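K.L.:
Show me the folded form of this:
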Amino acid sequence: MAGAKEFEEPDFGRFKSGQRRVVRLSEERLVELGYLNDDRKFPLLIKPAADNVSLTSWAASNRGLLENCLSKHGAILFRNFDVKSVGQFEEVIRSISEGPLEYNERSSPRSQVSGNIYTSTDYPSEQSIFLHNEQSYNSTFPMKIFFFCLTPAQRGGETPIADCRKVYERLGPEIVRAFRERKYMYVRNFGDGFGLSWQSAFRTTDKATAEKYCRKNEIDFEWKGNDRLKTRQVRRAVATHPRTGEQAWFNHLTFFHVSTLEPNIRARLLAEFTEGELPNNTYYGDGADIEPAVLNQLRDSYTAEEVTFSWQVGDVLMLDNMLTAHGRRPYAGLRKVVVGMAELFEWKNA
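P.N.:
Numbering: from 1, shown residues only. Presented below is the predicted three-dimensional model:
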């Protein structure tokens, strides 16, 4: 891609799902690189090629390789390694990054599992979660997000992913131009009985502390009485990846728009609130409504690039959060997939 930075990477051109490339370390065959299928070379699949290969140790010794692989593919699935516990998962994150981050400026309910490892959004199992990039609405966001499967669902529960570079390429130039020029506005209403409270979102019970956070992060706010808070933040929709120089569709404007909600949830909310009082909604950066046809094209572009796979016990999925969006499919039975985020990055540098 024009303008992209050069970086070393393995030769992925020759191997397919049935042909594994072996990465050698100290003359030992330790891991195999491949794909889940030939049609979508996404995510990259890394599996042990020998017994008793420690993912933590191997990853720590091969950070450069993993960074190059992640920049090329946007997503890496580690499968069949001996990762069995949340503690081991946290060690894997530390071997690849500086360690998991605290979950701040929250927009979805998560439960803390251990340290800075959290459940992967505590929405009811019958609901789907649309594709999005973690915390793209924040002025700072994690560059990496990790998922670990302790218990796959009995049915469903996949974590669909999509390459945001390809989503960007699918969009018409007029849509891209409009959002480059106008940006988008994310509006939140707290304290009306739906969604997170402002205390949960900002992790404080002190109004002055919440206000300080808002000012620091370019969030307009107003108190509406009875402990109710309304915020507005204008953010960009396109990011330039700091490592590759590529353009990615990186935002929450589709995810948070009321029209993206499942029909029964949307109907319930619109029966309860005026549009301006909805828990979450998005607009053009100047406050104008986003046209339905534009939102339909945005959703179609994500869906066209969506890739899914079934979770297996012990799977670890690492995403470049700027290059890859993720979501969740509805599921039946017990499902336990936990999440860790790493490497804070500032929007102003994208």
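K.L.:
low pLDDT regions in the stretch 51-200 of the chain?
P.N.:
103-111, 114, 121-122 (pLDDT under 70).
K.L.:
Kindly format the C-alpha coordinates of whichever strand or helix holds E343 as CSV.
P.N.:
Assessed by DSSP states H and E, E343 sits inside strand 336-346. Provided in CSV are the C-alpha atoms of strand 336-346 (Å, rounded to 0.1, in the frame of the first residue of the first chain):
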residue,chain,number,x,y,z
LYS,A,336,-16.1,-18.5,29.6
VAL,A,337,-13.9,-16.3,27.5
VAL,A,338,-11.7,-13.8,29.3
VAL,A,339,-10.0,-10.6,28.0
GLY,A,340,-6.8,-8.6,28.6
MET,A,341,-5.8,-5.4,27.0
ALA,A,342,-2.3,-4.0,26.5
GLU,A,343,-0.2,-1.1,25.2
LEU,A,344,-1.9,2.2,25.5
PHE,A,345,-1.8,4.4,22.5
GLU,A,346,-3.0,8.0,22.0
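K.L.:
and the protein, what are its domains?
P.N.:
Domains of the chain are assigned by automatic domain parsing as 21-119+143-157+311-349, 167-302.
K.L.:
now the ones you listed as TSV including mean neighbour count?
P.N.:
Where C-beta positions appear, they are placed from N, C-alpha and C, glycine not excepted. TSV is the format used below for the domains of the chain (neighbours: other C-beta atoms under 10 Å):
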stretch	mean neighbour count
domain 21-119+143-157+311-349	18
domain 167-302	17
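K.L.:
Tabulate those domains (JSON lines), appending distance to Y137.
P.N.:
Below are the domains of the chain laid out as JSON lines (distance: least, C-beta to C-beta, whole Å):
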{"stretch": "domain 21-119+143-157+311-349", "distance to Y137": "7"}
{"stretch": "domain 167-302", "distance to Y137": "5"}
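K.L.:
which one of these lies closest to E134?
P.N.:
For the domains of the chain, proximity to E134 was assessed by C-beta to C-beta; domain 21-119+143-157+311-349 is nearest, at 5.0 Å.
K.L.:
Run the chain-centre distance for that closest one.
P.N.:
Between the mean C-alpha location of domain 21-119+143-157+311-349 and the chain-wide mean there is a distance of 12 Å, by C-alpha atoms, centre = their mean, to the nearest Å.
K.L.:
average pLDDT across the helix ranked longest in the chain?
P.N.:
Counting by DSSP state H, the longest helix found in the chain is helix 292-304. For helix 292-304, mean pLDDT is 98.
K.L.:
Relative to the whole chain's centre, how far out is that helix?
P.N.:
18 Å.
K.L.:
Render the CA-only coordinates of that helix in PDB, please.
P.N.:
Output of helix 292-304 as PDB, limited to C-alpha atoms (Å, rounded to 0.1, in the frame of the first residue of the first chain):
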ATOM      1  CA  PRO A 292     -29.700   5.400   7.200                       C
ATOM      2  CA  ALA A 293     -28.200   4.500   3.800                       C
ATOM      3  CA  VAL A 294     -24.700   5.300   5.100                       C
ATOM      4  CA  LEU A 295     -25.200   3.200   8.300                       C
ATOM      5  CA  ASN A 296     -26.400   0.300   6.200                       C
ATOM      6  CA  GLN A 297     -23.300   0.500   4.000                       C
ATOM      7  CA  LEU A 298     -21.100   0.600   7.100                       C
ATOM      8  CA  ARG A 299     -22.800  -2.500   8.600                       C
ATOM      9  CA  ASP A 300     -22.600  -4.300   5.300                       C
ATOM     10  CA  SER A 301     -18.900  -3.600   5.000                       C
ATOM     11  CA  TYR A 302     -18.200  -5.000   8.400                       C
ATOM     12  CA  THR A 303     -20.300  -8.100   7.700                       C
ATOM     13  CA  ALA A 304     -18.600  -8.700   4.300                       C
END
